[in-house]
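Chemist: A structural model of the following input is requested.
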Amino acid sequence: MDKVKTYLALVEKDKDSAFGVRFPDIPGAFSAADNQDEIVANAVEALQLWAEDMSLPAPSLHEDIIARDDVRDALASGGYLISVPVIDNDTAVVRANVTFERGILRAIDAAAQARGITRSAFLASAARREIEARH
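Modeler: This is a model prediction of the structure:
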């Protein structure tokens, strides 16, 4: 089973500017965030948008990223690295059999109904948020 690809992103911030995010493995892919809480979500979105039009390269190892002169200089100037997951844009639908405690399944169904979506859509959305938030 394939695992989620994660890319290292370099976050930099100048005084009076947004957080800038760039991906050493993907020249031209970038993101920005007005506050720290938005950095990872905006970076995930940037990778997803890039992957819609271009093939993502294999992620580099941490030691290879930090060996790059531009990254080393940015880190020395206060930048930092974050791990950003990207879920493949594979839209094929597959059936999966899962088991839940009855109480949690009722809560899932109630939450899905309140949002006007199916149980499957709710679970997929919750899973995506959890995977992306863990990085």
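Chemist: how about the helices in this protein?
Modeler: 39-53, 62-66, 69-76, 102-115, 119-133 (DSSP state H).
Chemist: and the average pLDDT for the fourth one is what?
Modeler: Across helix 102-115, the average pLDDT comes to 93.
Chemist: can you check the shortest one too?
Modeler: Here the mean pLDDT over helix 62-66 is 96, rounded to a whole number.
Chemist: can you give me the buried ones in it?
Modeler: residue 65 (16 or more other Cβ atoms under 10 Å). Any C-beta I mention is one placed from the backbone N, CA and C, and that applies to glycine too.
Chemist: with only the CA atoms kept, save it in PDB.
Modeler: Listed next in PDB are the C-alpha coordinates belonging to helix 62-66 (Å, rounded to 0.1, in the frame of the first residue of the first chain):
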ATOM      1  CA  HIS A  62      15.900  15.600   4.800                       C
ATOM      2  CA  GLU A  63      19.700  15.400   4.700                       C
ATOM      3  CA  ASP A  64      19.700  16.200   1.000                       C
ATOM      4  CA  ILE A  65      17.400  19.200   1.500                       C
ATOM      5  CA  ILE A  66      19.500  20.700   4.300                       C
END
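Chemist: remind me what it packs against, helices and strands.
Modeler: helix 69-76, strand 80-86 (3 or more Cβ pairs under 8 Å, 6 or more residues apart in numbering; DSSP states H and E).
Chemist: residues in contact with whichever strand in the chain runs longest: which ones?
Modeler: Secondary structure of the chain per DSSP state E: the longest strand is strand 5-13. Strand 5-13 is contacted from outside by 19-26, 31, 39, 43, 47, 56, 59-60, 62, 65, 71, 74-75, 77-86, 88, 135, using Cβ atoms under 8 Å, 6 or more residues apart in numbering.
Chemist: return the set of buried residues in that strand.
Modeler: Buried residues in strand 5-13 (16+ other Cβ under 10 Å): 5, 7, 8, 9, 10, 11, 13.
Chemist: residue furthest from the geometric center of the protein?
Modeler: residue 102 (30.9 Å; Cα atoms, centre = their mean).
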